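Undergrad: Structure for the following, please:
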Amino acid sequence: NGETWNINNCTAATCINGTVIEKPTVCPTVQPQVHVNEKRRYPAYSNSILSLTGTDLVVELEIPEISTVVTYTDSSLRIKLPYDLFSGNTEGQCGTCDNLKPNDCRALNECDVNLCPSPITCKLGFQLNVTSGVCCQTYTCVPKGVCVYNQTEYQGYEYKTEAVSCCGTCVQKSCILTAPDNKTHVIEVNDTYVPPDDKCVQYTCENVNGHLITKETKTSCPPYNPLDCEPVRSVCEVRSEETVIEVNGCKSTALNLTYCSGHCGSSSRYSSAANQIVHDCECCQETKTIQKDTELFCDDGSVVKHAYVAVESCQCIASQCVTPTPKAQRRRRR
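TA: Now for the predicted structure:
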């Protein structure tokens, strides 16, 4: 009498005067706690990684970078993971505890390249086509459009089948050119190839009575005549030359004397208003000068100071043209 025992984790029993009385066990109130870096944090709390909201009974933890929301109550824990980031990986980033390396922690959108297929080897007449995917590359073999005979690829030919024949035949579809550099070039019909190092020759693929031939065309340049070349006309500008000034037998050291030189426009054309030929002339003349001093050394040992003019700027300036005097016409004697 008076003995008490637990029927299960949630029910206690007591014997009173031969009667068993069952009483539910009152569970203590569980309060969710959140710790960040071993320090308890209370709602509302946020940092650069997460935000914490809720009450004493319900706590919601949000991680914006991975769009994840964790909701915790006294009796449940719910984790909401976005499919576009985790692709059905319900364990999230933490993986599973099964001691298998492929199930370890995974980063966002992580791709295991070790599981990607290896490149394949294509047989003759086919070439490798690589398609890039989200994680891995896909490899396929596509036809080159060439003929294969005796384990050799023939460029410029294609294999065609006929309904009335068992086997197909190789039909030439392009011209094959072996350039002087021993490189092979495929030229389609009516197309032209010009070598990059020789612009004076071109090769054209032509169809002549069902046969494809490569036509070579060379361009001959006219003979070079220097007189046909237009002379380069210099602009009016300041130039200089090394000169020794001599006055009355006394000489200076070598000086860089500046002067004006270059081409300026001129013309002679008929004017209907004046009913005569109008001349327009421009001369390359100085627009700014400066006086400089130098010393002249004489044979008797004396030194004489001398001033000369140096040019600083030049310009084409309109000038009076010299009109030639017309020659008198001779009259014939009768």
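
Undergrad: CA only for contacts and neighbour counts going forward, please
TA: Fine.

Undergrad: which strand residues sit across from the most centrally placed residue in the chain in the sheet?
TA: Centre of the chain computed as the mean C-alpha position; nearest residue by C-alpha atoms, centre = their mean is residue 132, 20.6 Å away. Bridge pairing for residue 132 (DSSP bridges) gives the partners residue 137.

Undergrad: got it, and residue 6?
TA: With DSSP bridges as the criterion, residue 6 is bridged to residue 12.

Undergrad: Can you report how many residues neighbour it?
TA: 14 (other C-alpha atoms under 10 Å).

Undergrad: Helices of the chain, start to end?
TA: For the chain, helices defined by DSSP state H occupy the ranges 83-86.

Undergrad: lowest confidence element among the helices and strands of it?
TA: Lowest mean confidence among the helices and strands of the chain (mean pLDDT, DSSP states H and E): helix 83-86, at a mean of 65.

Undergrad: Double-check residue 136 against residue 116; I have them as touching.
TA: Yes. The criterion here is C-alpha atoms under 8 Å, and residue 136 meets it with residue 116 at 5.5 Å.

Undergrad: With neighbour numbers in mind, choose between those two.
TA: More crowded of residue 136 and residue 116, by other C-alpha under 10 Å: residue 136, with 16 against 12.

Undergrad: Let me know the pLDDT of that one.
TA: Residue 136 carries a pLDDT value of 81.

Undergrad: From residue 119, how far out is it?
TA: Distance, residue 136 to residue 119, by C-alpha to C-alpha, to the nearest Å: 11 Å.

Undergrad: Neighbours of residue 314, how many?
TA: By the criterion of other C-alpha under 10 Å, residue 314 has 21 neighbours.

Undergrad: same check, this time on residue 49
TA: 10.

Undergrad: Once you drop chain neighbours, what's closest to it?
TA: Computed as C-alpha to C-alpha, 6 or more residues apart in numbering, the closest residue to residue 49 that is not its neighbour in sequence is residue 63, at 6.2 Å.

Undergrad: Please list all residues in contact with that neighbour.
TA: 49-51, 69 (C-alpha atoms under 8 Å, 6 or more residues apart in numbering).

Undergrad: Produce a ChimeraX select command limited to the buried residues of the residues you listed.
TA: This is how ChimeraX selects the buried members of these, with burial counted by 16 or more other C-alpha atoms under 10 Å:
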select :51,69
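
Undergrad: So which bits of stretch 233-244 are buried?
TA: 236-239.

Undergrad: Rebuild these as CSV, extending it with pLDDT and distance to residue 290.
TA: Shown next, in CSV, are the buried residues of stretch 233-244 (pLDDT from 0 to 100; distance: C-alpha to C-alpha, whole Å):
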residue, pLDDT, distance to residue 290
236, 92, 19
237, 93, 16
238, 94, 13
239, 93, 15
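
Undergrad: Closest one to residue 26 out of those residues, please.
TA: Set against residue 26, the nearest of those by C-alpha to C-alpha is residue 237 (109.3 Å).

Undergrad: Wait, that closest one touches residue 261, no?
TA: Yes. In this structure residue 237 lies within contact range of residue 261 using C-alpha under 8 Å: 5.9 Å.

Undergrad: so what sits against both of those two?
TA: Common contact partners of residue 237 and residue 261 (C-alpha under 8 Å, 6+ apart): residue 284.

Undergrad: Residue 238 pairs with what?
TA: Where residue 238 sits in a bridge, its partners, by DSSP bridges, are residue 260.
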